[in-house]
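Colleague: Sequence first, predicted model second:
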Amino acid sequence: MSIENTKIYPINTGWCESDLGTYMFFKGEPGKKVQIPVLCFYVDTGEHKIMVDTGLPDAERATKYHHSCQKKDCLDSPDELRKLGVEPDEIDICILTHLHWDHTHNMKKYRNARYIAHATEIRWAYNPLPLYYRSYESPMLGIEAPFIGCQFELAEGVAEIVPGVTVFPTPGHTPGHQSVQVETAVGNIVLCGDAVFRYRNMEPRPEEHWRYWVQQRFVSMIDGWQSMEEIDRRADFVLPGHDDAVMDHPVYPYEGMPLRERRKPVPGAPFYFTGI
Ligand SMILES: [Zn+2]
């Protein structure tokens with residue numbers, strides 16, 4: 001095993017319409033819509049073949065129960081994986097950042113995989129707050145969520161899944177959200193799931209003195225902000241869950257990839273938590 005060989009391949013499973021004010025940015029422009037990709041990732045360590053999230057269902061189901069969605073030229077994650085020359089049966093681990101509908105469809109197609117999610121997330125997914133019936137595809141809607149019947153291994157904190165691949169809690173978007181830190185030849189790449197929707201969320205908003213222009217879609221703003229600081233501390237490069245710029249490169253790390261400065265102070269836009 002060598003982290004020299006570790007590669008991360010982004011997979012786009014389709015496009016959903018999202019609101020800049022109620023989803024993408026805290027105090028963003030309400031009513032303004034953008035098309036966002038719904039990403040998942042294939043991580044090849046040389047020894048293990050890992051999926052981080054498994055993406056969207058078909059456009060009809062997505063649009064009926066959730067947001068207006070188009071697949072365009074995107075396929076479901078198992079077929080996108082085949083385009084990379086990998087069969088779903090070869091996947092030995094599926095790590096779920098959280099159990100929302102757009103991150104879990106088709107997970108059962110990876111039938112030889114160990115499924116790993118945070119214990120807190122599983123509890124909320126099976127018994128969601130009514131406001132989140134749609135997000136977790138509750139039986140109240142008359143449908144079956146993609147994770148029903150899967151036997152999970154529970155993550156409850158920071159855990160090394162295989163050498164060089166570590167999960168760590170990043171609650172906020174959901175109560176049991178986790179992110180995945182992948183060691184590579186150039187540094188730590190953090191797969192953020194929905195702890196970070198867009199690259200812009202990690203950047204300051206100087207006119208408001210915010211170190212991050214965080215998203216609007218948090219069950220807890222306080223946890224969500226703290227998770228941003230934790231990602232900032234760990235990541236030499238971040239891969240958000242819904243940013244089109246991720247698809248500019250077919251594989252990470254790539255030649256000449258610019259690394260970020262971890263937890264870089266920005267004058268006039270302070271961190272909130274200490275000791276991170
Ligand atoms: Zn999402």
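Modeller: Nice, thanks for sending it over.

Colleague: excluding its backbone neighbours, what's nearest the residue of the stretch 1-150 of the chain found nearest the ion?
Modeller: At 4.5 Å from the ion, D102 is the closest residue in the stretch 1-150 of the chain, using CB to the ion. Glycine gets a C-beta too; all of them are placed from N, C-alpha and C. Using CB to CB, 6 or more residues apart in numbering and skipping the chain neighbours, the partner closest in space to D102 is V38 (4.9 Å).

Colleague: Now do stretch 112-125, average pLDDT.
Modeller: For stretch 112-125, mean pLDDT rounds to 98.

Colleague: Can you point out the buried residues in that stretch?
Modeller: 113, 115-118, 120-122, 124-125 (16 or more other CB atoms under 10 Å).

Colleague: so which of those comes closest to K83?
Modeller: A113 (18.9 Å; CB to CB).

Colleague: residues contacting R61?
Modeller: Neighbouring residues of R61 by CB atoms under 8 Å, 6 or more residues apart in numbering: I143.

Colleague: same question, L141
Modeller: Contacts of L141 by CB under 8 Å, 6+ apart are 65, 133-134.

Colleague: Could you report the neighbour count for G149?
Modeller: G149 has 8 neighbours, counted by other CB atoms under 10 Å.

Colleague: Dump stretch 139-146 to PDB, restricted to CA.
Modeller: C-alpha atoms of stretch 139-146 as PDB (Å, rounded to 0.1, in the frame of the first residue of the first chain):
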ATOM      1  CA  PRO A 139     -41.900   5.700   4.300                       C
ATOM      2  CA  MET A 140     -44.400   8.500   5.100                       C
ATOM      3  CA  LEU A 141     -44.000   9.400   1.400                       C
ATOM      4  CA  GLY A 142     -45.000   5.900   0.300                       C
ATOM      5  CA  ILE A 143     -41.500   5.100  -1.000                       C
ATOM      6  CA  GLU A 144     -38.500   3.100   0.200                       C
ATOM      7  CA  ALA A 145     -35.300   4.900   0.900                       C
ATOM      8  CA  PRO A 146     -32.200   3.500  -0.800                       C
END
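
Colleague: which regions of the protein sit below the pLDDT cut-off?
Modeller: For the chain, the stretches with pLDDT under 70 are 1.

Colleague: Run through the helices of it in chain order.
Modeller: Taking DSSP state H as the criterion, the chain contains helices spanning 59-65, 77-83, 101-104, 119-126, 221-234.

Colleague: and the ion, which of the buried residues of stretch 112-125 reach it?
Modeller: Checked against the ion using CB under 5 Å from the ion, the buried residues of stretch 112-125 give no members in range.
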